[in-house]
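Novice: Predicted model follows, preceded by the sequence.
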Amino acid sequence: MKEIISKFISEVSSKNQNEPEFMQAVTEVAETVIPYIVKHDIYYGQNILLRMAEPERVLSFRVAWIDDKEEIQVNRGYRVQMNSAIGPYKGGLRFHPSVNLSVLKFLAFEQTFKNSLTTLPMGGGKGGSDFNPKGRSDTEVMRFCQSFMTELYSHIGPNRDVPAGDIGVGSREIGYLFGQYKRLKNEFTGVLTGKGASFGGSLIRPEATGYGVVYFTEQMLKFRDNSLKGKKIIISGSGNVAQYAAEKCIQLGAKVLTLSDSSGYIMDPDGIDEEKLAFVMKLKNLQRGRIGSYIEKYPKASFRSGEKPWKITCEIAIPCATQNELNGKDADILLKNGCICIGEGANMPCTPEAIQLFKKNKILFAPGKASNAGGVAVSGLEMAQNSLRYSWTREEVNEKLKAIMIDIHKSCLDYGKTESGYVDYVKGANIAGFVKVADAMLAQGVV
Ligand code: NDP
């Protein structure tokens, strides 16, 4: 088996040189899915995973725009259309200086499995730009978004490819992108999700990824006759996913101790309650400030510049910032401090070494493609509402989100439960996500 896996990995690797994030994502899937393929005749010999590891299409384009000093800026835009076997390409746009093809291919590959897990008809895609919105004025961000969409619009559409937000792309950016698409096409369609509620956005979409991670974490704990109540939680990030993960943890009676951004983390020994979280939301979403300002308002808290929160003693850790933010050393410290559960809010935030340690110690570990699927699931519900020209209430969307997260947890059990009763959620999510896409690809022939 080892030989088959390493032959596959070296073949993919030879075609994708200098793409470490993409290879990391493909390797993790190959290690769990290839043994399954080998045991199942319908998949064996079809090169199905090799086909899934090759994007159907990759677009790269120039984004030229003029800044407030009237200087011309040039960024690079991308869209990776990874897999459309089960529905139109679907996945977010990321605006961050670290964006490159390796990062977007890893995200698009993960997205294909994640979207399949939701059971909604969505293929996998991802896109973005190396543009850094930080420190830019609203009008600069608008001009950038308009230039980006002017190139992208002819490649997307409600039945072709439906982008959404990700790091650096929130409701402001989605609004500007949507406005430019509508102007260029002279059409009002659900071409983007994460839109404002006044122009076709779904209620609960901003909350969905964070809430979904916590619903999934709740399911894992319940499976072990445990719950979130009274648990000490550390969260990294302070953006969209982190904020709503914190909100749901607080609502369910847990104590959230930390939040972070790229400048460091804050630790509040009394816990971050709803009022303190409202301060963080205003600080990050409206004032576009830094998390360190928290201690000016709440002096009992502390701020550690340039550090990550993993040293803080907790029962549950929810990494919600970015890929590879929690490594083997961090995992070791978390385990020594008694952590029993990890719910990935970000995409691939834990390194392979960290995941190995969590699995070896048999603690609960939820991979992002399962636990953070709530965001794209509600995006799928937004697409359905747009097609129906109808809006569901907050309660209706929240109930549907919860049901989807419970179903994803069940799918992970179906394929990931071992004889000893331990659940390998990585294996479970990868195989469950694979089966639906592979079946559709086989039915559609070699295309
Ligand atoms: P936001 O841009 O809203 O927030 C990102 C947060 O992470 C910010 O606090 C940011 O700090 C921090 N961060 C980003 N890059 C780094 C870095 N290199 N080092 C340290 N901190 C960093 O993004 P989201 O909350 O939307 O996304 C967070 C993660 O969740 C990503 O991995 C994304 O792919 C994933 N995700 C998001 C979904 C969504 O619906 N939004 C859906 C599923 C997954 P700073 O402000 O200083 O940059």
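Specialist: Done, it's in. Remember, predicted model here, so these are calculated numbers, not experimental data.
Novice: What's the first helix or strand after the longest helix belonging to the chain?
Specialist: If you go by DSSP state H, the chain has its longest helix at helix 394-416. Note on helix 394-416: by DSSP states H and E, the next helix or strand toward the C-terminus is helix 425-444.
Novice: elements contacting the longest helix of the chain?
Specialist: Counting contacts by 3 or more Cβ pairs under 8 Å, 6 or more residues apart in numbering; DSSP states H and E, helix 394-416 is packed against helix 205-223, helix 368-371, helix 374-388, helix 425-444. C-beta here means a position set from N, CA and C on the backbone, and glycine is covered the same way.
Novice: which one of these has the most crowded surroundings?
Specialist: Counting by mean count of other Cβ atoms under 10 Å, helix 368-371 has the highest mean neighbour count of the helices and strands packed on helix 394-416, with a mean of 29.
Novice: buried set for the host helix or strand of residue 148?
Specialist: Per DSSP H and E, residue 148 falls inside helix 138-152. The neighbour-count check on helix 138-152 (16 or more other Cβ atoms under 10 Å) flags 140-152 as buried.
Novice: For the ligand, tell me which of the residues you listed show up nearby.
Specialist: By Cβ under 6 Å from any ligand atom, no member of these lies near the ligand.
Novice: roughly how far apart are the residue of the stretch 151-300 of the chain found nearest the ligand and residue 386?
Specialist: Closest contact between the stretch 151-300 of the chain and the ligand, by Cβ to the nearest ligand atom, is at residue 239 (1.8 Å). Going from residue 239 to residue 386 by Cβ to Cβ, to the nearest Å gives 25 Å.
Novice: quick one, what contacts the nearest residue to residue 66 once chain neighbours are set aside?
Specialist: Nearest residue to residue 66, sequence neighbours excluded (Cβ to Cβ, 6 or more residues apart in numbering): residue 72, at 5.9 Å. Contacts for residue 72 (Cβ atoms under 8 Å, 6 or more residues apart in numbering) come out as 64-66.
Novice: same check, this time on residue 237
Specialist: Counting by Cβ under 8 Å, 6+ apart, residue 237 has contacts 259-261, 319-322, 345-346.
Novice: Residue 255 contacts residue 228, doesn't it?
Specialist: No. In this structure, residue 255 is not within contact of residue 228 by Cβ atoms under 8 Å, at 9.9 Å.
Novice: And residue 34, what's its pLDDT?
Specialist: Residue 34 carries a pLDDT value of 97.
Novice: give the contact list for it.
Specialist: 1, 4-5, 8, 49.
Novice: ok, which residues in the stretch 301-447 of the chain are in contact with the ligand?
Specialist: Contact residues, the stretch 301-447 of the chain versus the ligand (Cβ under 6 Å from any ligand atom): 320-322, 345-347, 372, 375.
Novice: Export the residues you listed to JSON lines and append columns for pLDDT.
Specialist: Formatted as JSON lines, these follow (pLDDT from 0 to 100):
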{"residue": "320", "pLDDT": "98"}
{"residue": "321", "pLDDT": "98"}
{"residue": "322", "pLDDT": "97"}
{"residue": "345", "pLDDT": "98"}
{"residue": "346", "pLDDT": "98"}
{"residue": "347", "pLDDT": "97"}
{"residue": "372", "pLDDT": "98"}
{"residue": "375", "pLDDT": "97"}
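Novice: from the residues you listed, which ones fall inside helices?
Specialist: Filtering these for helices - DSSP H - leaves residue 375.
Novice: ok, and the most crowded of the residues of the stretch 301-447 of the chain next to the ligand?
Specialist: In terms of neighbours by other Cβ atoms under 10 Å, those top out with residue 345 at 32 neighbours.
Novice: what's the offset of stretch 251-265 from the middle of its chain?
Specialist: Chain-centre distance of stretch 251-265: 18 Å, with Cα atoms, centre = their mean, to the nearest Å.
Novice: ok, now stretch 208-223?
Specialist: Taking mean C-alpha positions (Cα atoms, centre = their mean), stretch 208-223 and its chain are 14 Å apart.
Novice: Equivalent analysis for stretch 430-442, please.
Specialist: 20 Å.
Novice: what's that stretch in contact with?
Specialist: Contacts of stretch 430-442 (Cβ under 8 Å, 6+ apart): 28-29, 32-33, 36, 42-43, 46, 48-49, 51-52, 83, 85-86, 112-114, 116-117, 119, 367, 369, 408, 411-412, 414-416.
Novice: So for it, mean pLDDT?
Specialist: 98.
Novice: Check whether residue 114 really touches residue 375, as I assumed.
Specialist: No. Residue 114 is not in contact with residue 375 according to Cβ under 8 Å; the separation is 9.2 Å.
Novice: Just the pLDDT for residue 21.
Specialist: For residue 21, the predicted pLDDT is 98.
Novice: and if you look at the one 3 residues further on?
Specialist: With respect to pLDDT, residue 24 has a value of 98.
Novice: State the distance from it to the ligand.
Specialist: Per Cβ to the nearest ligand atom, to the nearest Å, residue 24 is found 14 Å from the ligand.
Novice: mind checking how far residue 95 is from the ligand?
Specialist: With Cβ to the nearest ligand atom as the criterion, residue 95 and the ligand are 8 Å apart.
Novice: How many neighbouring residues does the closest residue to that residue other than its chain neighbours have?
Specialist: Leaving aside its sequence neighbours, residue 95 sits nearest to residue 168 (Cβ to Cβ, 6+ apart; 3.5 Å). For residue 168, the count of nearby residues is 21 (other Cβ under 10 Å).
Novice: who touches residue 168 in this structure?
Specialist: Contacts of residue 168 (Cβ under 8 Å, 6+ apart): 94-96, 128, 131-134.
Novice: Same question for residue 294.
Specialist: Applying Cβ under 8 Å, 6+ apart to residue 294 gives the contacts 259, 266, 268, 276, 279-280, 283, 301, 303.
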